[in-house]
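Trainee: With the input below, show me the fold.
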Amino acid sequence: QVQLVESGGELVRPGGSLRLSCAASGRTYAMAWFRQAPGKEREFVAARRIDITYYADSVKGRFTISRDNAKNTVYLQMNSLKPEDTAVYYCAARTTPITFQNMGVSAYYGYWGQGTQVTVSS
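Mentor: Predicted structure coming up:
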């Protein structure tokens, strides 16, 4: 059983930056970030496997997912934030191998954090 604890969400102005953190209580094979805006379905943001990263087109070039294996922690550096990035951001993890094609699919992650609110507004 792996527990995930996210932190770092807050109110930020458009164009600003924010870094989210997700600490896992155990070792994971892949970790990802998803987000859910009010009235919308949860959507994929970014994922990192041991050997590869994967981004949604909407955040490519603005967001960076990184991982500190020693701390079992994954980060999401978000730059050039837009109002449409406003959402609850969820960390997800998987402890077994996953193919690249499935890294952006929420059903393949068995562990989820409680979410952290990111609001981009002036």
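Trainee: only C-alpha atoms for contact and neighbour calcs from this point on.
Mentor: Noted.
Trainee: buried ones in stretch 108-117?
Mentor: 109, 111-113, 115-117 (16 or more other C-alpha atoms under 10 Å).
Trainee: give me the low-pLDDT residue ranges for the chain?
Mentor: For the chain, no stretch is flagged by pLDDT under 70.
Trainee: Nearest residue to the middle of it?
Mentor: Centroid-nearest residue in the chain, with C-alpha atoms, centre = their mean: W33, separated by 2.0 Å.
Trainee: where does that one land in three-state SS?
Mentor: Using DSSP: H, G, I helix; E, B strand; the rest coil, the secondary structure recorded for W33 is strand.
Trainee: Just confirm it contacts R94, I think it does.
Mentor: No - under the criterion of C-alpha atoms under 8 Å, W33 makes no contact with R94, lying 11.9 Å away.
Trainee: Out of the buried residues of stretch 108-117, the closest to R27 would be?
Mentor: The closest of those to R27 turns out to be Y111 (C-alpha to C-alpha; 11.9 Å).
Trainee: what's near enough to touch the closest one?
Mentor: Taking C-alpha atoms under 8 Å, 6 or more residues apart in numbering, we find Y111 in contact with 2-4, 92-94.
Trainee: how much space is there between the residue nearest to A93 when sequence neighbours are not counted and A24?
Mentor: Nearest residue to A93 in three dimensions, chain neighbours excluded: M31, at 4.3 Å (C-alpha to C-alpha, 6 or more residues apart in numbering). Counting by C-alpha to C-alpha, to the nearest Å, the gap from M31 to A24 is 9 Å.
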